[in-house]
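Student: sequence and predicted model, in that order:
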Amino acid sequence: MVNEPNYSSNPSKDEPKKEKVRVIPLEYIDEFPGHPFKVLDDESMQKLMNSIEEIGVQSPIVARIKEDQRYEIISGHRRVHACRRLGLKLIPAIVRDLSRDEAIIAMVDANLQREHILPSEKAAAYKMKMDAMKRKAGRPSKNNSTPMAGNFKGTETADIVGAESGDSGDQVRRYIRLNELVPELLEMVDRESIAFRPAVELSYLSEDEQ
């Protein structure tokens, strides 16, 4: 029998700062727009489904509440997919109040912790995060009219993204270059038919030349 999530919405008295976990209907949850990480019905997904069937969802997803009062997944796309395939109606979730760019940064950071990430996934994720950080940097803060995070140049942003993810700034820029590849070549990079560095060089060719 499939176990529905059983999470209390009240934090322990010993953990007053712990985020509240609520149980929300899966029908009110939407995927993150442009989510760059693939959710596959593979052996790993089947193992996750088996685990949920046996012991329920042990780790709550993280979501943001949208303007239309629906929820958007920040972290937990695979858990949501597994629960839907199992026919569950509810899932435990931590709901955070995040702006669009804050949500993008949080989504990328959470999913970069995955064990297996394809080059195309990392390329798209790094670009999404960098673009979000640049927008935030140029947006006035609530306290004054100065830009947030000071002087946020593109180069500096790549270095920050790299430092937070374990890559160098140059490596982040190389990954982002992969977004310029035509889909056929990018798929070959994912399959390791083309090595990473040659693929970066190919990205500087025009679409016709590629």
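Tutor: Right, received. Where do you want to start? Numbers count the residues shown, from 1 in each chain.
Student: for the protein, what spans make up the helices?
Tutor: Per DSSP state H, the chain carries helices over the ranges 43-55, 77-85, 100-111, 119-137, 154-165, 169-177, 183-190, 196-202.
Student: and Pro33, how close does it get to Ser59?
Tutor: Distance of Pro33 to Ser59, given as CB to CB, to the nearest Å: 23 Å. In short, each C-beta sits where N, CA and C put it, glycine included.
Student: now do Ile52
Tutor: Taking CB to CB, one finds Ile52 at 11 Å from Ser59.
Student: which of these two has more neighbours?
Tutor: Neighbours were tallied for Ile52 and for Ser59 using other CB atoms under 10 Å; the higher tally belongs to Ile52 (22 against 11).
Student: make JSON lines out of the helices of the chain and add mean pLDDT and distance to Arg64.
Tutor: As requested, those are exported to JSON lines (pLDDT from 0 to 100; distance: least, CB to CB, whole Å):
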{"stretch": "helix 43-55", "mean pLDDT": "96", "distance to Arg64": "23"}
{"stretch": "helix 77-85", "mean pLDDT": "97", "distance to Arg64": "14"}
{"stretch": "helix 100-111", "mean pLDDT": "94", "distance to Arg64": "5"}
{"stretch": "helix 119-137", "mean pLDDT": "93", "distance to Arg64": "13"}
{"stretch": "helix 154-165", "mean pLDDT": "81", "distance to Arg64": "20"}
{"stretch": "helix 169-177", "mean pLDDT": "94", "distance to Arg64": "25"}
{"stretch": "helix 183-190", "mean pLDDT": "96", "distance to Arg64": "29"}
{"stretch": "helix 196-202", "mean pLDDT": "96", "distance to Arg64": "33"}
